[in-house]
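Chemist: got a structure for you, letters missing:
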């Protein structure tokens, strides 16, 4: 069955009488008992002649590897184009990912910093919404995927601290979740929790996302659903647990790779680079996560994937 996406405006009533805010969009999975999602970021779609800032062969191999998974939806953590001011970058994005739409996979991106490269903010947003017309006017939004999963796209170019417009919206999303929600997947570009990089001037964790992690750690103590956060920006993979929240960095979508420190990381590297995507398979109270690493990334025709990290996230109600 084809996944069905609709916009939602209604307010639902949870058990106990609490008002539940409906998601911005809704996806009906092919098999509601087994939902498969993809998460990954930092693709930097651009002209294939660019071989440094973005690695086109790896980028395209990942797109085709994702197409073979039969996933219901793809969650993208930002830096979809190399330059948001270059309209052709979005044309390459549409062309290279056409196979996803052919296979009826829904696509939900978050804004990254490269979406704002080479243009004014207004121009960049116009290009973004032209490439993603159903998101028109939205910089952050939520998606209900089946009955038990809510995915929340955040915009880390805007404030996430207490009292900000986006934070108030997020607090309302979590405070008014439907009673059926078992997992909440937050996806955004800049990571709230990550390693200190070997290049600390470029991609350190920022205060804007640190305060988000502080909030999520406190909110996780009483939230009925389990929180999983997937970010990008760092062109590598990381897996960390903090205050009951699972934090993943998935920035190996095709951009020039960066090495990272593995201190405190639950992922034990098998080498570099880590071009990859994640599958998130939800069955009942269990989410199984696999990191699919592109093993022959230096080839002109890469096609070999191996699962290099694999773990389960268990819903709060089963813990």
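Modeler: Thanks, I have it. Keep in mind that what you see is a predicted model, and the values were worked out from it rather than measured.
Chemist: So, low pLDDT: which residues of this structure?
Modeler: Along the chain, the parts satisfying pLDDT under 70 run over 1-18, 196-202, 318-319.
Chemist: Number of residues surrounding residue 175?
Modeler: Number of residues near residue 175 (other C-beta atoms under 10 Å) recorded here: 13. To be clear about C-beta, it is placed using only N, CA and C from the backbone, and glycine gets the same treatment.
Chemist: what do you get for residue 161?
Modeler: Neighbour tally, residue 161, other C-beta under 10 Å: 15.
Chemist: How about residue 151?
Modeler: Residue 151 has 26 neighbouring residues, counting by other C-beta under 10 Å.
Chemist: quick one: contacts for it?
Modeler: 37, 73, 75, 108, 142, 143, 145, 184, 185, 186, 187 (C-beta atoms under 8 Å, 6 or more residues apart in numbering).
Chemist: Please, which helix or strand holds the fourth one?
Modeler: Translated: residue 108. Following DSSP states H and E, one finds residue 108 within strand 106-109.
Chemist: Partner strands of that strand and their direction?
Modeler: Strand 106-109 pairs in its sheet with strand 73-76 (parallel), by DSSP bridges.
Chemist: And the strands in the stretch 201-319 of the chain?
Modeler: 226-231, 237-242, 245-250, 276-283, 286-294, 305-314 (DSSP state E, counting those that start in this stretch).
Chemist: Please identify which of those strands is closest to residue 94.
Modeler: strand 276-283 (18.7 Å; C-beta to C-beta).
Chemist: same for the closest one, what does it pack against?
Modeler: strand 35-40, helix 56-67, strand 245-250, strand 286-294 (3 or more C-beta pairs under 8 Å, 6 or more residues apart in numbering; DSSP states H and E).
Chemist: in that strand, what counts as buried?
Modeler: By 16 or more other C-beta atoms under 10 Å, the buried positions in strand 276-283 come out as 276, 277, 278, 279, 280, 281, 282.
Chemist: Same check on stretch 174-194?
Modeler: Quick answer for stretch 174-194 (16+ other C-beta under 10 Å): 174, 177-178, 180-194.
Chemist: ok, now stretch 147-166?
Modeler: Buried positions in stretch 147-166, judged by neighbour count with 16+ other C-beta under 10 Å: 148, 149, 150, 151, 152, 153, 154, 155, 156, 157, 160, 166.
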